[in-house]
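**Q** coords below, sequence missing:
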């Protein structure tokens, strides 16, 4: 006969209602991973927001250096013309306060296309090919030269032969030479000199 003291304890009766399965919560590692990911996305967005204007400034600076080289090339071309013919070309004006834009007669003269102004047909300047908004283009009014920002160059000449030209940037001042050249720069505004590209100065 078995000893009742050795019998297993009775099991508790099941509850009268169904017991839902335990919910599996996110582990601490998953939560930390999500936080790190969100922080990373915020940092990337901040870096992109910083990099875009910085990259644009770097690109504008590089373009400005190329534009300045073109302006200096035009200046050298005019000086070469003066050395060859001992005069400035007749461009239809003698007003030193006025400017000529880089198109038509002045370019035809410096490239040797206009034989009235350049009878020896010497190519003092070589027109660069089109490159984006810049370079040389042929329009209904003739050839024109634009900088890499899409602006024409402005040219002031020493028409009275006194060796100086009124400074368009500083009223009352003057600059030496037979010609000075500038463009409007990245903002396309000739009156905002901060970013204008000039053949003179640094």
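**A** Perfect, I can see it now. Just so it is clear, the model here is predicted, and its values are computed rather than measured.
**Q** quick check, pLDDT for the residue most central in space within the chain.
**A** Nearest residue to the geometric centre of the chain (Cα atoms, centre = their mean): residue 60, 2.8 Å. As predicted, residue 60 sits at a pLDDT of 87.
**Q** surely it touches residue 188?
**A** No: between residue 60 and residue 188 there is no contact under Cβ atoms under 8 Å: 11.8 Å. C-beta here means a position set from N, CA and C on the backbone, and glycine is covered the same way.
**Q** mind checking how far stretch 102-111 is from the chain centre?
**A** The chain centroid and the centroid of stretch 102-111 are separated by 26 Å under Cα atoms, centre = their mean, to the nearest Å.
**Q** contacts for it?
**A** Defining contact as Cβ atoms under 8 Å, 6 or more residues apart in numbering, one finds that stretch 102-111 is touched by 74, 77-78, 81, 89, 91-92, 100, 113-114, 117-118, 123-127, 136, 139, 141-146, 152-155, 181.
**Q** now the end-to-end length of it.
**A** Criterion Cα to Cα, to the nearest Å; first-to-last residue distance in stretch 102-111 is 12 Å.
**Q** let me know the average pLDDT across that stretch.
**A** The pLDDT scores in stretch 102-111 average 96.
**Q** before we move on, what about stretch 28-45?
**A** Averaged across stretch 28-45, the pLDDT comes to 72.
**Q** chain center to that stretch: distance?
**A** 36 Å.
**Q** which residues touch stretch 190-202?
**A** Contacting residues not belonging to stretch 190-202 are listed as 60, 64, 67-68, 71-72, 74-75, 147, 151, 154, 169, 175, 177, 179-187 [Cβ under 8 Å, 6+ apart].
**Q** filter the residues you listed down to the buried ones.
**A** Among the contacts of stretch 190-202, the ones that count as buried by 16 or more other Cβ atoms under 10 Å are 60, 64, 67-68, 71, 74-75, 147, 151, 154, 175, 177, 179-186.
**Q** which of the residues you listed fall in helices?
**A** Among the buried ones among the contacts of stretch 190-202, the ones falling in helices (DSSP state H) are 60, 64, 67, 68, 71, 74, 75.
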